[in-house]
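Visitor: sharing a model prediction with you, sequence too.
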Amino acid sequence: MAKTTTSSQPKKAAETKKSTGAGLKAPLTPSADLAAVIGNEAAPRTEITKKIWDYIKAHGLQDATNKRMINADEKLKKVFGGKEQISMFELAKVVSAHVK
């Protein structure tokens, strides 16, 4: 009796390859409030977060006593939904609310 092939054969490389340009690398357009902080160019989520941190460090907005907290200036207060201070762990949630 001859053996028949089953569907348990390994998939070809072309079938398992993920598409590029999706997920974290997809360019996102910032809202007007966020664009005031990082610029108006579309960028991946990782680059947007990096630009926000560059802004925070350049303006000395990281809390001196608790480094996990970010103090808002007038531009960031709009991005933070009116809050004076947020945790660095909330930053991803805030970014999500301001990108398309």
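Guide: Great, that's in hand. Numbering: from 1, shown residues only.
Visitor: lowest confidence element among the helices and strands of the chain?
Guide: Lowest by mean pLDDT, DSSP states H and E among the helices and strands of the chain is helix 13-16, with a mean of 52.
Visitor: show the subsequent helix or strand relative to that one.
Guide: strand 27-28 (DSSP states H and E).
Visitor: ok, that following strand: who's next to it in the sheet?
Guide: Strand 27-28 has its sheet partners listed here by DSSP bridges as strand 43-44 (antiparallel).
Visitor: may I see the buried residues of the helix or strand following the partner strand?
Guide: Heading C-terminal from strand 43-44, the first helix or strand you meet, by DSSP H and E, is helix 45-58. Across helix 45-58, burial judged by 16 or more other Cβ atoms under 10 Å covers 45, 47, 48, 49, 51, 52, 55, 56. Quick note: C-beta positions are derived from backbone N, CA and C, even for glycine.
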